[in-house]
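> Coordinates only, no sequence provided:
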């Protein structure tokens, strides 16, 4: 039985456990690092943006993973296809990134001699400003993108506990279907983002994770018949008995799904995938374009990631029974294994 959170409270109780495991349409629960009872080196906080149009796009990450800071960018070209990634790792930030306790206000800023990355929250907008020197062949990556985020937008929010560890939790918000305007340049390459055809998603995460986890996540945003439509799907970690993160976005409102399963070919992430839900409200085929694969293995620490970008074709059913048909709808799906 899924529990919808409808009342505000602190995220954690006096013992450092979740007050209200479940899902919500907004950040009703108040996150505060000072309420966490787990060791500080277990705390993980990140903001991840991905902005796509039909031909390409970009993603940006700022993450404070306690013993390791991670700042990254990836540029996608779906016509070639190819992806170009660059990142920077810092040691033991342990909260020094000053990640805001809510996505509703506050800026996320990282700056050193090589990278300036700014995620700015303004009234009903989100602004991304990036200058990344020597990103590729001594060329600087520059980007300025503005995402529309009206206050009326409903989002995916979930507070997930972990079995057998009362101090572990994941508090997560996904903001889909944000029309994007701006541009990115890398040498003589330029990607223009226009709000009619370009859409962004924010993955805002705060939590205390257990050591060994595998998660599955899928996301897509765009327009169907002139209306904003998207979805967030995922599973694989923690205790999902109170809620799953599976839902549809339509015209700024969310429509909750139950469980979704990823059917990934065993021999290649670039072969066609399938997705299905136990309530028959989401049935999708997925044609991969690019597998953004990375495997960072430092013996005790490892992150094995397949983030696959491609096109979804299938159907989704809203709460009122309306059927949404999509064809070649751009998005991504991933399988990530972490020992961290």
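Nice, I can see it. Since the structure is predicted, the reported quantities are computational estimates derived from the model, not experimental observations. Numbers count the residues shown, from 1 in each chain.

> Quick check: which element contains the residue positioned nearest the centre of the chain?
For the chain, residue 203 is the residue whose C-alpha lies nearest the centre (C-alpha atoms, centre = their mean; 3.0 Å). Assessed by DSSP states H and E, residue 203 sits inside strand 199-208.

> can you list the residues that contact the least confident helix or strand in the chain by mean pLDDT?
For the chain, scoring each helix and strand by mean pLDDT, DSSP states H and E identifies strand 282-298 as the least confident one, at a mean of 92. Contacts with strand 282-298, where a contact means C-beta atoms under 8 Å, 6 or more residues apart in numbering, come from 74, 76, 78, 81-83, 85, 231, 233, 246, 248, 257, 260, 269-277, 302-317, 328, 333. From N, CA and C alone the C-beta is placed, and that goes for glycine too.

> swap the cut-off to 7 Å and go again
Applying C-beta atoms under 7 Å, 6 or more residues apart in numbering, the contact partners of strand 282-298 are 74, 76, 78, 81, 83, 257, 260, 269-270, 272-276, 302-316, 333.

> And stretch 146-157, by the same measure?
Counting by C-beta under 7 Å, 6+ apart, 23-27, 124-127, 173-175, 178-182, 195, 200, 232, 245, 247, 252-254 sit against stretch 146-157.

> among those residues, which ones are buried?
Burial by neighbour count, 16 or more other C-beta atoms under 10 Å: within the contacts of stretch 146-157 this picks out 23-27, 126, 173-175, 178-182, 200, 232, 245, 247, 254.

> Next one: residue 129 relative to residue 178, how far apart?
Applying C-beta to C-beta, to the nearest Å, the value for residue 129 to residue 178 is 16 Å.

> just residue 192 next, same as before
Distance from residue 192 to residue 178, by C-beta to C-beta: 17 Å.

> For residue 329, give me its contacts.
Taking C-beta under 7 Å, 6+ apart as the contact definition, residue 329 lies against 220, 222, 311-312.

> who wins for most neighbours among these?
residue 220 (27 neighbours; other C-beta atoms under 10 Å).

> Please give the element, helix or strand, for it.
Counting by DSSP H and E, residue 220 is part of strand 212-224.

> I'd like to check the angle between that strand and strand 199-208, please.
160 degrees (axes from the mean of the first three to the mean of the last three C-alpha atoms, to 10 degrees).

> Quick check: buried residues in the next helix or strand along the chain from strand 212-224?
Next helix or strand after strand 212-224 toward the C-terminus (DSSP H and E): strand 227-235. By 16+ other C-beta under 10 Å, the buried positions in strand 227-235 come out as 228-235.

> List of residues touching strand 227-235?
Here strand 227-235 has contacts from 156, 174, 176-177, 215-223, 244-252, 260, 275, 316, 324, using C-beta under 7 Å, 6+ apart.

> Take these and, keeping just the buried ones, write it as a PyMOL select command.
This is how PyMOL selects the buried members of these, with burial counted by 16+ other C-beta under 10 Å:
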select buried, resi 156+174+176+177+215+216+217+218+219+220+221+222+244+245+246+247+248+249+250+260+275+316+324
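
> circling back to that earlier point, the strand holding residue 203 vs strand 227-235, what angle?
Angle of strand 199-208 versus strand 227-235, following the same axes, to 10 degrees, is 30 degrees.
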